[in-house]
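Chemist: need a structure here:
(one chain, ligands or ions: 2)
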Amino acid sequence: MNDKLLVTVAPTGAESSKADVPQLPTTLDELVETARRCEAAGAAMVHVHIRDDDHLPTLDVGRLTDTVAALRENTDLVVQLSTGGSVHDPLDARLEVLDAAPDSCSLTMGTVNFGDEVFMNPWGFITDLYQLTQEREVVPEFELFDLGHVHALHRLLRQHGLPYGGKVHCDLVMNVPGGMPGTADALVAAVAAMPPEVTSWSATGIGRSTLTVALAALAKGGHLRVGMEDVLTLAKGVPVEHNEQLVTRAVELGRLAQREPMTPDEARSLLGVRPQ
Ligand code: KMH
Ligand code: ZN
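Modeler: Ligands and ions are numbered 1, 2, ... in the order given. Sure, this is the predicted structure:
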C-alpha cells in the first residue's frame, strides 16, 4: 500500500436536497469553488454528481461535459464522474456518462438495497459499463457496498481482465442501509476478500460511521473518501458548512497516521489515469 494518502472528496451526491441542505454545492460555480478549496486542503480526486437548474440530480451529458471542462480548467484534481447517479436514473443514461470523457468513473459491483429504495446494478450492466471504460480509457473506481460486491469483482476481473491503465482501485462504501455495516470488523473482512489484482482502495462510512470507517481504513493502510455526499455533520448537531472541513479533517487524521496527502499527479499515477 502506498504510504501517501489519497483523499477523495464527494461533495454533492444525489440524495440530499438543496432545500434541506443549502450549503450543498449544486451549481457549477459552487462545485468549482468547492473543488478548488478542497484541492487546497489536500484532496486529489473529486467524485462528481451534478444537479439541474432546480438543484435536482441529472445525468445530462452536456452539463457533465461542461462540468468536467470547468473542473479541469480550475483545478488539477482527478475528475471522477458518478455512473451511479440517483436510484431513479435509468441504466442507459448511466452508461452515457462516459460520453463526458472523465478521468475516472464509479462502477458499483452489484445491486444493493439503498434505504427504502434499490440501487440497481445487474451483472449485464456492470459488464457493459466495464467494457465501455476499457474502450474509452476511463479508469473505474469499483464501489463495494457489500461483501458480495467484493466477490463479484473477482468474477469481473477473471472474465474481462484489468481496467484501462492496469491498476485496480476500489472504494468501500459502508453503512448504507442495505449494505455492509460501517464497522472496523466489516472493513477488515472486505479488505481480506479483495482480489490480489487490487492495487489501492479507499473507504467511506455513511453518516455516523464516518470516523470509525476512516480510522479503520487508515489502520489497514487504505485511502479516504469524505464529503457531503456521505455525511452532513461533523459531530452530533454540528452541520458541515463546507466540504473543505471534511477534507481538512481527513488530512489531519492522515497526518496522525504519518500519511501525507497525495497530490493530484501522484493520484494519477496511483490510479493509472490517462494523460490529458
Ligand atoms: N447515489 C447512489 C444511488 C456512485 O456514485 O456511483 C449511488 C452512488 C454511487 O452514489
Ligand atoms: Zn456517488
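Chemist: Residues of the stretch 1-150 of the chain that sit close to ligand 1?
Modeler: G13, A14, S82, T83, G84, S86, V87, S106, T108, F114, F119, E143 (CB under 6 Å from any ligand atom). Every residue, glycine included, has its C-beta placed from N, CA and C.
Chemist: These in helices, which ones?
Modeler: Assignment to helices by DSSP state H places none of these there.
Chemist: quick one: which of these sit in strands?
Modeler: S106, T108, F114, F119, E143 (DSSP state E).
Chemist: I'd like to know which of the residues you listed is nearest to E96.
Modeler: Set against E96, the nearest of those by CB to CB is S106 (14.5 Å).
Chemist: Quickly list what that closest one is bridged to.
Modeler: E141 (DSSP bridges).
Chemist: So whatever residue of the stretch 101-250 of the chain ends up closest to ligand 1 versus D20, what's the distance?
Modeler: Closest residue of the stretch 101-250 of the chain to ligand 1, CB to the nearest ligand atom: S106 (3.2 Å). Distance, S106 to D20, by CB to CB, to the nearest Å: 24 Å.
Chemist: quick one, which of these two is more surrounded?
Modeler: Ranked by neighbour count (other CB atoms under 10 Å), S106 and D20 place S106 first, with 24 against 8.
Chemist: looking at it, that one is touching Q80, isn't it?
Modeler: Yes: counting by CB atoms under 8 Å, Q80 is a contact partner of S106 at 6.5 Å.
Chemist: Common neighbours of those two, please.
Modeler: Residues touching both S106 and Q80 by CB atoms under 8 Å, 6 or more residues apart in numbering: H47, E141.
Chemist: Contact partners for the residue nearest to L215 when sequence neighbours are not counted?
Modeler: Leaving aside its chain neighbours, L215 sits nearest to L253 (7.0 Å; criterion: CB to CB, 6 or more residues apart in numbering). By CB under 8 Å, 6+ apart, L253 lies in contact with A214, L215, L218, L224.
Chemist: Out of those, who's the most crowded?
Modeler: Busiest of the contacts of L253 [other CB under 10 Å] is L224, holding 30 neighbours.
Chemist: Show the contacting residues for it.
Modeler: Contact analysis of L224 by CB under 8 Å, 6+ apart lists 5-8, 202-204, 214, 217-218, 250, 253-254.
Chemist: what about the helix or strand C38 falls within, average pLDDT?
Modeler: Applying DSSP states H and E as the criterion places C38 in helix 28-41. Here helix 28-41 scores 99 as its mean pLDDT.
Chemist: about what we covered before: would you list the contacts of L253 in JSON lines and tack on distance to A186, pLDDT and secondary structure?
Modeler: Formatted as JSON lines, these follow (distance: CB to CB, whole Å; pLDDT from 0 to 100; DSSP: H, G, I helix; E, B strand; the rest coil):
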{"residue": "A214", "distance to A186": "14", "pLDDT": "98", "secondary structure": "helix"}
{"residue": "L215", "distance to A186": "14", "pLDDT": "98", "secondary structure": "helix"}
{"residue": "L218", "distance to A186": "16", "pLDDT": "98", "secondary structure": "helix"}
{"residue": "L224", "distance to A186": "16", "pLDDT": "99", "secondary structure": "strand"}
